[in-house]
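> fold the following and give me the result.
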Amino acid sequence: DILVDGKVCDCDAVVTCQVGDPVPLQVKLTNWSKHSVGPFALTMMPYQDYQNGVHNYELQDAITFVGSNTFHIDTVKPTKDSVYFGALLFLYTGDFYLNIKFHEDNSSRELPLSWLCLPSVHIRATEPVA
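Modelled structure (predicted):
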């Protein structure tokens, strides 16, 4: 589950926020399997989609995270969940997207890391209302 500014995100909906106001993010990972899972790393990566196949991830002048954009998840037991909180601060107006990825965080493995990507979250930053 992904919540942006307290609202559950649907991959088809656009979340609107104001430039200069921190936007709370909440990501909840629920383990529906019969076995414990982990360790994982949760990474949130903002980008702009130029609608021509190019994604711009170089947004350090437009967006900043309040806190970290990566969280380490030790273990999630069966039928339990783990919730992570963060916030984004938009410095300019525009349409932005947020990639949210979980990947295995186990350095002892010989295989490449496996990734679980959630649908991108679409956030529109607008001018503050005067």
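
> tell me the SS of residue 3?
In three-state terms, and counting by DSSP: H, G, I helix; E, B strand; the rest coil, residue 3 is strand.

> for it, give the beta-bridge partners.
residue 8, residue 26 (DSSP bridges).

> just give me the neighbour total for it.
17 (other Cβ atoms under 10 Å). Using the backbone N, CA and C atoms, a C-beta is placed for each residue, glycine as well.

> so where's the chain uncertain?
Residues of the chain meeting the criterion pLDDT under 70: 11, 105-117.

> now with 90, please.
1-15, 26-45, 49-55, 57, 60-61, 66-76, 78-86, 98-122, 128-130 (pLDDT under 90).

> who's sitting farthest from the centroid in it?
residue 130 (29.3 Å; Cα atoms, centre = their mean).

> measure stretch 5-16 end to end?
9 Å (Cα to Cα, to the nearest Å).

> oops, could you answer that again for stretch 2-13 instead?
12 Å.

> now swap in stretch 4-19 and tell me
15 Å.

> buried ones in that stretch, by neighbour count?
Neighbour counts over stretch 4-19 (16 or more other Cβ atoms under 10 Å) mark 4, 5, 9, 15, 17 as buried.

> ok, now stretch 121-130?
In stretch 121-130, counting by 16+ other Cβ under 10 Å, buried: 121, 122, 123, 125.

> can you list the buried residues of stretch 4-19 in TSV and add distance to residue 76?
Below are those laid out as TSV (distance: Cβ to Cβ, whole Å):
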residue	distance to residue 76
4	22
5	25
9	21
15	26
17	29
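
> export stretch 64-84 as CSV, just CAs?
What follows is stretch 64-84 as a C-alpha-only set of coordinates in CSV (Å, rounded to 0.1, in the frame of the first residue of the first chain):
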residue,chain,number,x,y,z
THR,A,64,14.4,16.8,-2.0
PHE,A,65,13.6,14.0,0.5
VAL,A,66,12.9,14.9,4.1
GLY,A,67,14.9,12.0,5.6
SER,A,68,16.2,9.2,3.5
ASN,A,69,15.0,7.8,0.2
THR,A,70,16.2,4.3,1.2
PHE,A,71,15.0,2.2,4.1
HIS,A,72,16.3,-1.2,5.2
ILE,A,73,13.8,-3.9,6.2
ASP,A,74,15.2,-6.7,8.3
THR,A,75,12.5,-9.3,8.3
VAL,A,76,8.7,-9.4,7.8
LYS,A,77,6.9,-12.3,9.4
PRO,A,78,4.0,-14.1,7.8
THR,A,79,0.7,-12.1,7.7
LYS,A,80,2.6,-9.1,9.2
ASP,A,81,3.5,-5.8,7.7
SER,A,82,6.2,-3.2,7.9
VAL,A,83,5.5,0.5,7.3
TYR,A,84,7.9,3.1,6.3
